[in-house]
Every structure is written in structure tokens, then in C-alpha cells.
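1. Kindly generate the corresponding structure for this input.
(one chain, ligands or ions: 1)
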Amino acid sequence: MAFTYPMSPGPSPISMSGAAVVSLPSEIFSIYRNIVGNLYLSPKIMQLIVDKECKDKQNVETYRQYMKRRRGNLFTNKEWKDACRISRSVLETARNPDSLDVTDLFCLLENLFKCDDDGVREFSEMLNKLRVLKNLRNDVMHNYAETVNPQKFGELTTALLEIVAEAGKFYSLPHRQLVDEEQELNKEIAKVLSLDTKNVYYWCSKLTTRGKDAVKLLWEARLSSEVLLFNNDKVKRQAVFHALDVMVREGAGGDIISYSKIFESPEKFVVVTGVAGAGKTTLLKNILLQFFDLQQVNVDHLRSFNQLILFECRDRTTKTLSGVIEQHFEDLCIDLGRENVLKAILRLDVLFIIDGFDEVNSVSRRVVNEIIKKSWRSNCRVLITTRPHGMEKLKPLLSSNDVCFTEYEIMPITKLEDQLAFLRRYELALVEGAQTGQMTSSFSSLSQDVRNLFTEPINLILFCHIHKYLPETISYWKTPGDVAHDILRLYKELVLARLSEANYPNIEVLVDDQFSVIGAAALEFLHGNIVTFSKNELRSTKRKCKKKLKTWERSEEIDSEVVLSVVLKMQRPLSAKLHVTYTFHHKSIQEIFAANYISERLQDSDDSLNNIMGVSANGGTWLSWRQLLCSCCKADRKYASFREVLQYVVHELHSSSPLVFQRRWPELRRALGDAGVLSGRAWQDCLYRCPDVVQVAELAALTTLNENTTWKVKSGRDVACLAAMLLHAQPLLLHVKMFPLDLTETRWGEVVDRRIGTLWLELLSPPDDKFNRHDDLLLPLLNSKLRLVRFDGCVGTPAGVAALVTVAHACELSVRMSAPLDLSALSGKYERLDVTMRPLPTSSHKSHVWRLPAPPDPGLNVHGAELGSWEAVAHLITSLAPLSKRFAWLVLWECKLRTEEVQSLLVRLFEQHIRTEVKGDTCTRSEESGSRIYLCISDKPPPGARATKQLKYL
Ligand SMILES: Nc1ncnc2c1ncn2[C@@H]1O[C@H](COP(=O)(O)OP(=O)(O)OP(=O)(O)O)[C@@H](O)[C@H]1O
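-> Residues are numbered from 1 along each chain as shown. Just a heads-up that it's a prediction; the model follows:
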């Protein structure tokens, strides 16, 4: 019995609340049917199957407990995660199917069938039919063309009726019961004709038609271009977007992936952490823009969402989630009521984005809690960004709500080529057709140490501005400390430019004075974690600026608000009902101003750092450091949010007044500790910002050593820190794993000079550049005090070999050579020698033999043998064979030789007395992928070879 639904091309009649019949355009009607079908009818039928399948389930059992009982053993957490992926939290707690949606129900049924997959019950037909429902749901919910497609409802009803029929067979239902089920379903299908506007699926349909456009209208204009820090320079967001890499924080040394892969995580909640200015907010803005334009090629990661809600934790006025919803869908909320729109949103596939959890306040915290609590359905996903210290509050919040999450960390932009690519985009966008290249070449001319300060986007942006407004200053940057003042100087120059007509004596000191007042206000706001200020809140700062100005003669010639107008920017509210707010151009600028104020006070007064940090608005009431700290520790560890400020203070004070810094260091050190800078990693982060501060280097070294006796070095930034840290501590093993190009131009020479002890040097090779030698990195090893215990890299000159010889000690050597080299001097220096080379042309070096040293027998990898080159391969192997003619192994990598050629090679090598460490027959073994062929040569001749006399060891 198939239900056929009349496909009306024009407006369709809909009865509302069983009374009035209205005409709706056919598009909304198609959408409505598809939504009710997939969000209501499909789950209903699947719930029916679940009930049949779980006849012996007890009411108190969760589905996880039930499955465990049914299959007779526990699910390990990993098994559960792999089996249920995004539905795993829901199925872990659900006890009945009523609230589950198609995705969860399909996952549940699939796993239930597999629980007792003993081959007796044939469930594949049933599963295939259920899969049709799941696919239909995804088609309709993830692709607007399918959402409006009138055919889809017909396909769905057919699929539903087929499932009911299949259930009849699968569960051997009595005929009467089957007929009843079919009739019931047909009644439900028929009900879709009459629609109540109070129905949540009607609201869902409205949202699906109008919701995305409403959000687009709200955000697109705000986000598609960005006004840079100064002078209203504007750039198109997507034109300058630099695709960031993120690291999965699960386990040590997590994988590094592109940001677009974060939604592949099996967890519903994804947390992206990143230091100040790492690009968290910009990443979200880019995701929003991509969401509006799903036609773009590379946005598959967003296709599974049909709604997107953004909430910024710095918001201090929106009190509820429905308030957030109202900002996004103002008109729809007027039509349907905001609570109803919220209910509908939660049924759709929605991505909630929560930006800047570290900036959360008592008002926004309530909204965040609400999102976490209401987004338990599998169709909702939540993406949260925060600075790392925000995790201290976020983790307990998520776990108290039983939320599992995957954490990603935005990686710094450490490679010069990436930094240049980033700057190039901005330069291109800013100069509008004029000649480009000056900014990038100015950046390239900086020393690696100074460049290491520009590994976060915000700092690269500041470099753009300094290059534009203070280009001459860049040539004076020799050490990181030289850069410290220039960001504030930049602001000062901009203010001075505005005041140029005032012709006022001592104008620079006057501006410094104003910066001090603003710095104190910035600090005070930071105490409340406030980064957006209302007009009222700003009033007292304005008053103080004015008061300070009045202490100067002829101050009436100066507009008292000019400094604030340069330093702050105005933010228009999302809704006309709200008021404008003000912010610094970036939170890190607010922190720099606060740090400048603290640094000045540390220099000018004898006040303790505690007192200076605890300054109150009226400048009169001081909070004691203890009080402040205790309240913070107990309440929410507020002090953690001062970590960046304190790092800026260290940097600034150290470079502007080394003597005061020395005197104040014990206080600063304690404060950093209180702000959470305790681990080796945290001290290293601090050292990245101020690599020339010896005191920080010492603590970074000692704490890291305490935690770990092996130090791993992966980037130029790490090398800079290491160079400073080695002056204070030596790890048991130093493991440097880097691409040679990244290591060149770092403080590698200093590292080698300062290292006393073992080194594992791993010079990575890009796949297309395996044989590019980097002996320049080896030469500093000569005369060093280090001991090379493991080496992997390309060597190209006798000088490079000589450098290895001087430091190798019981070493595991993996040497790539672009041309043969005499390695005999390495004899006695290694425990394992593994050489990689490309085949030698037979004509070349005929008379030369470059015997590899032995014992122990070396292993040889021949890389990239071309078709027809077996004799060249044979020539290489025989030329390199040690006197004993024995290799630990012989492997052909990425070999294009034909099978017959490999066989001829084997015969030739056998006849030349070459042997490998192998028992049994002489043969070849290849890996399944065919990328590696092992030549195993014993004393047994291969087919076609002349027997040779066994060679005596020489
Ligand atoms: N991926 C990117 N591509 C291009 N520019 C970027 C990128 N990320 C950040 N920026 C630039 O750097 C500035 C700072 O970045 P953003 O505000 O996103 O950092 P954040 O990590 O959110 O900082 P905070 O934690 O201090 O709030 C942006 O205003 C933008 O100009």
C-alpha cells in the first residue's frame, strides 16, 4: 500500500489550528513537508524499530548499558567512541528513543544489529533501508536545493513504507499488526496536509527559508571587510585570510592539521585555543563568511550545518540564549516569538560558535551555560575559542555538563615563507595596485631572533603598521628588546600627527601622560575582564584624561578626547535596541597599554607591583595583592588573565630600564607564577616574548629540565629559546627535528656552541628534496662539546663527514648522499649505519670504489631506480659494498625496475659475492604497496645464477 502525495505546482492549502486554510507558496510547502518528514516521521518509524529491537531492555538501562548486556562484554571507551562517534554522548545517557533523531537512531540500530552478529539473523536488508532514511535526512538538511525539492517527500514516504513492510518480515509481525502500522503511518503522512503554525516544524521551515539570509544580513557586512588598527585602512577579510594550522592537543606531540579539518572530530564540542592574537576570532569570522557562501569549493566542512549562531563572550548585555537568537533573527522572532525560534533552531543542524571564552563575564557566562545545556542533541555542534588560560575554567564547566570535546591549538606562524605569505596578502590589499614587495623584503632583512616575535597574526599586523608609519625604525631592530617600545610609539606618532597643529611645547610628554591615564584604565577594565566599554564606563576615563590635561599650561588648546579617539574604536551593536560600545583595537593593545602603565609605575615609584596591579579607578583605593589573589584563586583564578600583561611588563621594563628590572624581578617572577606561569612550557612561552631576558631563560631552563630530561626542538622559535636556556641547564638528550631550511638562519651556531652532552639531529627532508645537502649546519659541530648519538640527514662534502666524525659516538647514523663520499672515517663511531643514495650512472666513476665502513654491516637504501637502470643499481651497490661484501640490508625504494630487471640485479649481486643478513633462499620481498623491495641475498644462488664460492671474511 503506497501513499501517493499530490504534488501541487502552485500555492498549497494549509489549515491552521484546524481552522483557517491559508495559501503558502509551494517552496515553503515543499520545505515544510521535507522537514516534517525527516525530523518527525523518520524518527517515529525508526523509534518503532528500536522498540521492536529492544524488547528485553529495562527502562532504567541506558543504551550503552543495554548494548553491553546484549553483546556480553563491556565497551572500552575507545570502542564506544569508534562505534558511536557523534552520537556517543546521547546514547550513553538515553534510556528511550523518544528524543533521538535520525542520526542517533541509525547509529543505535546499526550497533544493536551488530551486537549479536552471529550470522543467524540477516539484517543487511533492514540496515540498507534504514540507511536510505539517514541519507535522505542528510540530503535534505544539508543541501538547500534538496530541502526545496518537492520529489524528496515522495521518496521519503516510499522509504518509510518499505521499512514498515521490511519490519513485518524482519520481526515476523502478525498481518493485522502490520496493516495497523501502515495505516498509522499513512495517517501521519496525510496529517502533513494540515498544518498548525504552532508546530515547531513550521518554525523550522521558516528558519530554513529565511534564517540563513537573516544571519547573512547581520554578519556579512560586518565581517567581510576589516578595518585595520589605524587610519581606517580597510581590507577584504577573505582576501587576506591566511589558512591557519592547528594542532590536535590530544596526547603529546599531537597531529598538525589544517583548520578546516576541525569539524572532522568525532566530538560535538570543539575547542580552539590560541595565544593573544593567534587568530581565533578571525578564524571564526572566516568560517561565518564561508558558511554564507557554500558554493565555494573548499567548504565541505560546513555543509552539514544549516544554521549558525555566533556568541561573543565579551558581550555584557545579552542575558539569555533567546536574546542571542533574537539578534540573529529579529524579524522571525517578531513573527514567531523568540522562544519558538530557539526551539526550532535546536531541531536543525546548528553550529554554535562561542568566541573568546577567556573574556567571559558574569552575564555572558549564563548564555554560555545555556548553550552547553541546550545543545545536547547530536545535530548541534559547538565551537569554542579561548586563550589557553581560559581552559582552566572551561574544562570544569564542560565536564560538569558531561561534555566530551576535542581541543585544537592554533599554531604560530614560524616559517619565514608563511610569514611572508601572510604579509604579502596584506601588502597587496593595502597598497591598491602600487608596487609591492617592500614590506616583505623589510621583514626578510630582520634577524631570525627579531622575526620570532612576529609569529602571531596580530604581531604581523603590527609589523605592517610599523612598516607603513615608522619604516625607519625597523632598521634599528637588532634584538627583540628593540621592538618593545615601537608599538606604543606607533600610537604616539598617530596622536602626534593629529596634534601637529597644536604647536605645543613638550607635546610628547603630554601624550605620555595621557597614555598613562589610559593604561591605568585599561588595567582596571582588565580586572573585570572587560574589553568592551559602554559610554558610561568610559566617562570616568575621559574625566581623568581631562583632569590630567588641565595640569598642563595652555591645555585648553588641545582637544581632551583626541588621544582616546586614536586609541579606541567604536563598535556598533548587533541590534538597534542596544547601545554602541568602545574597545581598544585589539585586546592585546589594551594589555600593552596596561603593561606600559605598570612598567612606568615600577620605574617611577616605590610602590609594590601588587599595589600597582591592584589600582582602582579613583586612584585612591588599593586592593592588596593577597586579597586580590585570594579572591581570584578562590573564585575563578582571575589572575590567570594577567599572564600576557605581565609578559609585556617583563619585556618592556627589561629593555627600557634593566636596573629597575633587576630590582623588581622577584616581584615579577612571583606574579607570573600566580598568573599560572609555572610549567616549563609556560616559561618557554614567556621566553618566546622576551628571549633576551636572562632571568626568564634561567627559569624556563630549570623548570623544563625538572619536567623532562629530553628536550625537543621543532621550530626556529624553539631554537632561539634553547640558545638562551642552554646557558642555564643541559638536558640528558637534545633532540632537534627540523627542516634544514628552518634551522639555517636560527641561533643554531649558539646552540651547538653551548650544548654539552648528547644530540639527536634529525634534518627532515621534503619529499622532493631528499638529496639537498646541508653541510653548513654540520660544520659548527666541529670543535663542539656535544656527542652525536643519532643523526638523520643529507651530507654532501668531506667537510660534512669530518664534522660528523668528530662528534659521532656509538651513533645511529642515517646518511643521505647526493654523490658518493668516503665514509670510512666513521668506522668505530656508529652502532648502526644506514646509507641512502640514488643509482650511479654505470659510465661514471668506474674506477672508484667508496667502500662503506664495517663492522657493523651497513644498510643500503637505493632510492628511485628508473626503468632500465638495474646495472646502475648494481654498480652503486658493488661500489659501496664494504670489504666483507655484507650489508645489513639492501632495499630499493620507489623502484621502477621491471621484475626481470630486479631478478637480473639479484643474480649480478650474488655473483659479485654481495650478501645480506638473511637466512634461507636468495630472493626479493616487496611490500604490498610496492614502494619498497628488499633484496635478500644468502649463500644459496638465485635461479639463473652461477654458484659462487663462499667469500671468506676479510
Ligand atoms: N588567519 C588570519 N589571516 C589573516 N589575518 C589574520 C588571521 N588571524 C588573525 N589575523 C589578524 O590578526 C588580528 C588579530 O587576530 P584575532 O583577533 O583573530 O586574534 P585572537 O586570537 O582572537 O586574539 P585575542 O585572544 O587577543 O582576542 C586580526 O584582527 C586580523 O587582522
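
2. Could you use CA atoms for every contact and neighbour count after this?
-> OK.

3. need the residues of this structure near the ligand, please.
-> Residues of the chain found near the ligand (CA under 6 Å from any ligand atom) are 240-244, 274-283, 387, 457-458, 587-588.

4. Wait, a helix at residue 308?
-> No. Looking at residue 308 with DSSP: H, G, I helix; E, B strand; the rest coil, it is strand, so not inside a helix.

5. That one contacts residue 354, doesn't it?
-> No. Counting by CA atoms under 8 Å, residue 308 stays clear of residue 354, with 10.9 Å between them.

6. And the two? Which one has more around it.
-> Neighbours were counted for residue 308 and for residue 354 using other CA atoms under 10 Å; residue 308 has more, 25 against 22.

7. List the residues that contact residue 897.
-> Counting by CA atoms under 8 Å, 6 or more residues apart in numbering, residue 897 touches 865-870.

8. can you pick the most crowded of those residues?
-> In terms of neighbours by other CA under 10 Å, the contacts of residue 897 top out with residue 870 at 25 neighbours.

9. Next, name the residue at the spatial heart of the protein.
-> Nearest to the mean C-alpha position of the chain, by CA atoms, centre = their mean, lies residue 246 at 2.3 Å.

10. Show me what that one is bridged to.
-> Residue 246 has these beta-bridge partners by DSSP bridges: residue 257, residue 410.

11. hmm, back to that, and the residues of the chain next to the ligand, which are buried?
-> Taking 16 or more other CA atoms under 10 Å as the criterion, what is buried in those is 240-242, 244, 274-283, 387, 457-458, 587-588.

12. which stretches of the stretch 751-900 of the chain aren't confidently modelled?
-> 842-849 (pLDDT under 70).

13. In it, what residue lies closest to the ligand?
-> residue 766 (24.5 Å; CA to the nearest ligand atom).

14. What number of residues are in the vicinity of that residue?
-> The number of residues packed near residue 766 is 11, by other CA under 10 Å.

15. swap in residue 782?
-> Neighbour count of residue 782, defined by other CA under 10 Å: 18.

16. three-state assignment of the spatially closest residue to residue 582 that is not a sequence neighbour?
-> Ranked by CA to CA, 6 or more residues apart in numbering and with sequence neighbours excluded, the top spatial neighbour of residue 582 is residue 570, at 4.5 Å. The three-state assignment at residue 570 reads strand, by three-state DSSP.

17. what residues are up against residue 570?
-> Here residue 570 is in contact with 580-583 (criterion: CA under 8 Å, 6+ apart).

18. one more time with 10 Å, if that's ok
-> The contact partners of residue 570, taken as CA atoms under 10 Å, 6 or more residues apart in numbering, are 532-534, 580-585.

19. Look up how far residue 102 lies from residue 130.
-> To residue 102, residue 130 is 9 Å away according to CA to CA, to the nearest Å.

20. Give me the distance between residue 363 and residue 323.
-> Separation of residue 363 from residue 323 (CA to CA): 12 Å.

21. who touches both of these two?
-> Shared contacts of residue 363 and residue 323, defined by CA under 10 Å, 6+ apart, are found at residue 317.

22. hmm, back to that, so can I have JSON lines of the contacts of residue 897 showing secondary structure?
-> Formatted as JSON lines, the contacts of residue 897 follow (three-state DSSP):
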{"residue": "865", "secondary structure": "coil"}
{"residue": "866", "secondary structure": "coil"}
{"residue": "867", "secondary structure": "coil"}
{"residue": "868", "secondary structure": "coil"}
{"residue": "869", "secondary structure": "coil"}
{"residue": "870", "secondary structure": "helix"}
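
23. Dump those to JSON lines, plus distance to residue 882.
-> Listed next are those as JSON lines, based on distance: CA to CA, whole Å:
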{"residue": "865", "distance to residue 882": "21"}
{"residue": "866", "distance to residue 882": "25"}
{"residue": "867", "distance to residue 882": "27"}
{"residue": "868", "distance to residue 882": "26"}
{"residue": "869", "distance to residue 882": "22"}
{"residue": "870", "distance to residue 882": "20"}
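
24. residue boundaries of the helices in the stretch 301-450 of the chain?
-> 321-328, 330-336, 338-347, 362-374, 391-400, 416-431, 438-444, 448-451 (DSSP state H, counting those that start in this stretch).

25. Correction: the previous question concerned the stretch 601-750 of the chain.
-> Using DSSP H, counting those that start in this stretch, helices in the stretch 601-750 of the chain cover 609-613, 625-635, 643-656, 658-674, 680-689, 694-707, 716-725, 740-743, 748-754.

26. Tell me the spatial nearest neighbour of the residue of the stretch 751-900 of the chain closest to the ligand, not counting adjacent residues.
-> Using CA to CA, 6+ apart, the nearest residue to residue 766 is residue 739, at 7.8 Å.

27. I figured that neighbour was touching residue 767, is that so?
-> No. Taking contacts as CA atoms under 10 Å, residue 739 lies outside contact range of residue 767: 11.4 Å.

28. More neighbours: which of the two?
-> residue 739 (16 against 7).

29. need the contact list for the residue of the stretch 1-150 of the chain found nearest the ligand.
-> Nearest residue of the stretch 1-150 of the chain to the ligand (CA to the nearest ligand atom) works out as residue 142 at 26.4 Å. Contacts for residue 142 were tallied using CA under 10 Å, 6+ apart; they are 136, 302-307, 348-349.

30. Please report phi then psi for it.
-> phi -110, psi 0 (degrees, to the nearest 10).

31. before we move on, what about the one 4 residues further on?
-> Dihedral angles phi and psi of residue 146 (degrees, to the nearest 10) take the values phi -80, psi -30.

32. And it, how close does it get to residue 31?
-> Taking CA to CA, one finds residue 146 at 9 Å from residue 31.

33. Specify which member of the contacts of residue 570 is nearest to the ligand.
-> Lowest distance from the ligand to the contacts of residue 570 (CA to the nearest ligand atom) belongs to residue 585, with 8.2 Å.

34. Dihedrals phi and psi, residue 73?
-> phi -150, psi 160.

35. Touching, it and residue 67? I think so.
-> Yes. When contacts are counted by CA under 10 Å, residue 73 is listed as touching residue 67 (8.7 Å).

36. Common neighbours of the two, please.
-> In contact with both residue 73 and residue 67: residue 115, using CA under 10 Å, 6+ apart.

37. The two: who's more crowded?
-> residue 67 (23 against 11).

38. Wait, a strand at that one?
-> No. Going by three-state DSSP, the assignment for residue 67 is helix, not a strand.

39. who's in contact with it?
-> Residues counted as contacts of residue 67 (CA under 10 Å, 6+ apart) are 54, 57, 61, 73-75, 108, 111-116.

40. For residue 754, which residues are in contact?
-> 722-730, 748, 784-786.

41. now swap in residue 710 and tell me
-> 704, 730-735, 758-759.

42. Which of the residues you listed has the largest number of neighbours?
-> residue 759 leads these on contacts (other CA under 10 Å) with 25 neighbours.

43. Would it be right to say that it lies in a strand?
-> Yes. In this structure, residue 759 lies within a strand as judged by three-state DSSP.

44. sorry, back to before: element containing the residue of the stretch 751-900 of the chain closest to the ligand, please.
-> For residue 766, there is no host helix or strand (DSSP states H and E).

45. Ramachandran coordinates for it?
-> phi -60, psi 150.

46. got a list of what it touches?
-> For residue 766, the residues meeting the contact criterion (CA under 10 Å, 6+ apart) are 739-740, 772.

47. Sweet, I'm off.
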